[in-house]
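1. with the sequence up front, the predicted model follows.
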Amino acid sequence: MSHKAGFVNIIGNPNVGKSTLMNAFIGERLSIITSKAQTTRHRILGIVNGDDFQVVLSDTPGIIKPAYELQNSMMDFVKSAFEDADVLLYMVEIGEKELKDEAFFNKIINAKIPVLLLLNKIDKSNQEQLEEQVALWQEKVPNAEIFPISALQNFNVQEVFDRILTLLPDSPPYYPKDALTDKPERFFVNEIIREKILLNYDKEIPYAVEVETEEFKEEENIIRIKALIMVERETQKGIIIGHKGAALKKVGVMAREDMEKFFGKQVYLEIFVKINKDWRSNAFQLRRFGYNQ
Ligand code: GDP
Ligand code: MG
Ligand code: K
C-alpha cells in the first residue's frame, strides 16, 4: 500500500478561521492530535493521520509579526515556509482585502508549490457576493485553486482535505503515528527540548542526541516533567551540560518557557543527561522536521 505524507502550511490573517478549519479536519477523524508546538520553522497546528496518509499542518508566525521584527532571520523564516511545505493554504475570509505585507503576498503569488486559496465564512455571504469574491481572488492570486468554504459549518472542508491528499508526495510518515496518539504531550515536550538543543549547540550535537520524556505529571496548577537527553559519548555529555551546568540550564529555561506557553500552565522541568550507546537503534527515524539542514 502506498503512503502519502507531507507538510501543509496555513497562511492567513488572524481571525480568518484557521483554527476552526483545523478543528473541522480533526472532527472527522479520531486518530488526530492538535497542538501548538513552536518549532524552528513552523508551529504545528495539527497532525492528521490515516492508514495511508499523514498530513502535518502548521502555520507561519512570521506573517503576523509587526514590522519592527522584520529582520533577516524572520525573512528567512518566511522564505522557508514556502520552500519546505508541499502545499500552501492561503486562507481569507469573505470581504477581506489581501495581506498588508506586500513582500509576503508576492511570495504567495510566486509560490512554486500548489496554492489552495480558501475563501472562508461563505455562510455569511449570498450567491452574488460569493461569485464576485471568487472572481476577485482568482484575479489577485492567479496561481491558486480557489475553494469557497465554511470552516464553521463544515462546508467543502472534506473537499479541501481530499485535494491536499492528491497533492502530497508518496512518503513514509514524518512523525511516529502510534506515539502521537499514545502520549502526545510527551511528544511535544521532546520536540521543544530538541529545538532548544538545536538552537544552543553546534551542528553535530543535535544529531547525536535523543530526547525522551520519562515523566509527565499534570497536577491542578503545575505540570511536572522529567526529561532525558540521551547521548552516545561522555564528551557529548560534557558539551550538553557545559561549564558548571550553564549550557543545560539555558536549554532548560528556554524549554520550560515554551512549555508553559504551550500547555498554558506552570511547568516544573527537570532534565537529565544520560549516556546510552544504543539510542540510535531505538530512536525514531526520519526527523526532517525542525532540523536546519
Ligand atoms: P484564526 O485566528 O485564523 O485561527 O481564526 P479562528 O478559527 O479562531 O476564528 C475566528 C472567528 O471566526 C471565530 O469566532 C470563529 O468562530 C469564526 N469563524 C471561523 N470560521 C467561520 C466560518 O466559516 N463562518 C463564520 N460565520 N464564522 C467563522
Ligand atoms: Mg487560531
Ligand atoms: K496557531
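-> Received it, and whenever you're ready, just let me know what you need. Ligands and ions are numbered 1, 2, ... in the order given.
2. residue of the stretch 151-293 of the chain nearest ligand 2, please.
-> Ala151 (10.8 Å; Cβ to the ion). Yep, even glycine has a C-beta here, placed from its N, CA and C like the rest.
3. do you know how far that residue is from Met91?
-> 8 Å (Cβ to Cβ, to the nearest Å).
4. cool, Pro148 as well?
-> 12 Å.
5. the two: which has the busier surroundings?
-> Legend: neighbour count by other Cβ atoms under 10 Å for Pro148 and Met91, higher for Met91 (24 against 19).
6. how about the helix or strand that the more buried one is a member of and ligand 1, any contact?
-> Assigned by DSSP states H and E, Met91 belongs to strand 87-93. No - contact between strand 87-93 and ligand 1, assessed by Cβ under 6 Å from any ligand atom, is absent, since the two come no nearer than 6.8 Å.
7. for the residue of the chain found nearest ligand 2, pull up the helix or strand it's in.
-> Closest to ligand 2 within the chain is Ser19: 3.3 Å, counting by Cβ to the ion. Using DSSP H and E, Ser19 sits in helix 18-27.
8. which non-adjacent residue is nearest the closest residue to ligand 1 within the stretch 51-200 of the chain?
-> Per Cβ to the nearest ligand atom, Leu152 is where the stretch 51-200 of the chain lies closest to ligand 1, at 3.3 Å. Once flanking residues are discounted, Leu152 sits nearest to Thr20: 5.6 Å by Cβ to Cβ, 6 or more residues apart in numbering.
9. so what pLDDT did that neighbour get?
-> Per-residue pLDDT puts Thr20 at 83.
10. so what sits against both of Ala151 and Met91?
-> 17, 21, 118, 120 (Cβ atoms under 8 Å, 6 or more residues apart in numbering).
11. distance check, the residue of the chain closest to ligand 2 against ligand 1.
-> 3 Å (Cβ to the nearest ligand atom, to the nearest Å).
12. distance check, the residue nearest to Leu152 against Asn120.
-> Counting by Cβ to Cβ - Thr20 and Asn120 are separated by 8 Å.
13. and if you look at Ala85?
-> 19 Å.
14. one more: Arg163?
-> 15 Å.
15. give me the more crowded residue out of those two.
-> Higher neighbour count among Arg163 and Asn120: Asn120, with 26 against 15, using other Cβ under 10 Å.
16. wait, doesn't the more buried one sit right on Gly95?
-> No - with contact defined as Cβ atoms under 8 Å, Asn120 does not reach Gly95; the gap is 10.7 Å.
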